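>>> Below: sequence and its predicted model.
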Amino acid sequence: MSLERLQLDPFLLAQMYHQPIIPEEIIVVPAEAKVLPEIKYLGENQKNILLLIQNESEAYLSEETFNLLANILNACKLGMQDVALVNAANYPGLRLQDYLRQIPARQVIYFAIDPAKLGLPPAQPYQTGSFTGIPVLYSDDLQLIATDKALKGRLWMGLKQLFGI
């Protein structure tokens, strides 16, 4: 048998050689840095708590919903001076890591935003999770919570877990 007539199955060759046989020149293309818009937020972020909402109809929240948020923060012994409230509707396409580049945060709460849009894995509402070591809490929309006492209770349980109250 002559080696000139030897035929190998392509599948067998692929199994034998996982790397290219002939070395290729590797060209490194530098990744372009994503230019982020300046993210504006309400509050002073003194305790590095990021609150993300999704509200296309208003700059941040309606007066009624804002009062609910203030009451929730007050129950946690916090105020607007302690948080950064960002309306994610003003920044389509940004992921949580993009927000964290500009806004320092030790905890994150996001209200009615699909976790996938923030680059997060699927999450159960009111269950704390983690993103790069930062505790995160996924919640329903504040307007929905305002009308449902059971959801208020679930949010309170999640906040107690997040803040260690």
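Arrived safely, thanks for sending.
>>> tally of neighbours for Gln124?
For Gln124, the count of nearby residues is 10 (other Cβ atoms under 10 Å). In short, each C-beta sits where N, CA and C put it, glycine included.
>>> Now do the contacts for it.
Contact analysis of Gln124 by Cβ atoms under 8 Å, 6 or more residues apart in numbering lists Tyr138.
>>> Ok, Tyr110 next?
By Cβ under 8 Å, 6+ apart, the contact set of Tyr110 is 51-53, 88, 96, 118, 136-139.
>>> CA-only coordinates of the longest helix anywhere in the chain in PDB, if you can.
Across the chain, the helix with the greatest residue count (assigned by DSSP state H) is helix 149-163. This file holds the C-alpha atoms of helix 149-163, laid out as PDB (Å, rounded to 0.1, in the frame of the first residue of the first chain):
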ATOM      1  CA  LYS A 149     -50.100  45.300  49.200                       C
ATOM      2  CA  ALA A 150     -48.700  41.800  48.700                       C
ATOM      3  CA  LEU A 151     -46.000  43.200  46.300                       C
ATOM      4  CA  LYS A 152     -45.100  45.800  48.900                       C
ATOM      5  CA  GLY A 153     -44.500  43.100  51.400                       C
ATOM      6  CA  ARG A 154     -42.400  41.100  48.900                       C
ATOM      7  CA  LEU A 155     -40.400  44.200  48.100                       C
ATOM      8  CA  TRP A 156     -39.900  44.900  51.800                       C
ATOM      9  CA  MET A 157     -38.600  41.400  52.400                       C
ATOM     10  CA  GLY A 158     -36.100  41.800  49.400                       C
ATOM     11  CA  LEU A 159     -35.000  45.200  50.800                       C
ATOM     12  CA  LYS A 160     -34.400  43.700  54.200                       C
ATOM     13  CA  GLN A 161     -32.200  41.000  52.700                       C
ATOM     14  CA  LEU A 162     -30.400  43.500  50.400                       C
ATOM     15  CA  PHE A 163     -29.600  46.000  53.200                       C
END
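>>> can you give me the strands for the chain?
Using DSSP state E, the strands found in the chain span residues 49-53, 83-87, 107-111, 128-131, 134-139.
>>> Make JSON lines out of these and add distance to Phe66 and mean pLDDT.
Formatted as JSON lines, these follow (distance: least, Cβ to Cβ, whole Å; pLDDT from 0 to 100):
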{"stretch": "strand 49-53", "distance to Phe66": "10", "mean pLDDT": "92"}
{"stretch": "strand 83-87", "distance to Phe66": "9", "mean pLDDT": "93"}
{"stretch": "strand 107-111", "distance to Phe66": "12", "mean pLDDT": "92"}
{"stretch": "strand 128-131", "distance to Phe66": "24", "mean pLDDT": "87"}
{"stretch": "strand 134-139", "distance to Phe66": "16", "mean pLDDT": "91"}
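>>> Many thanks, we can stop here.
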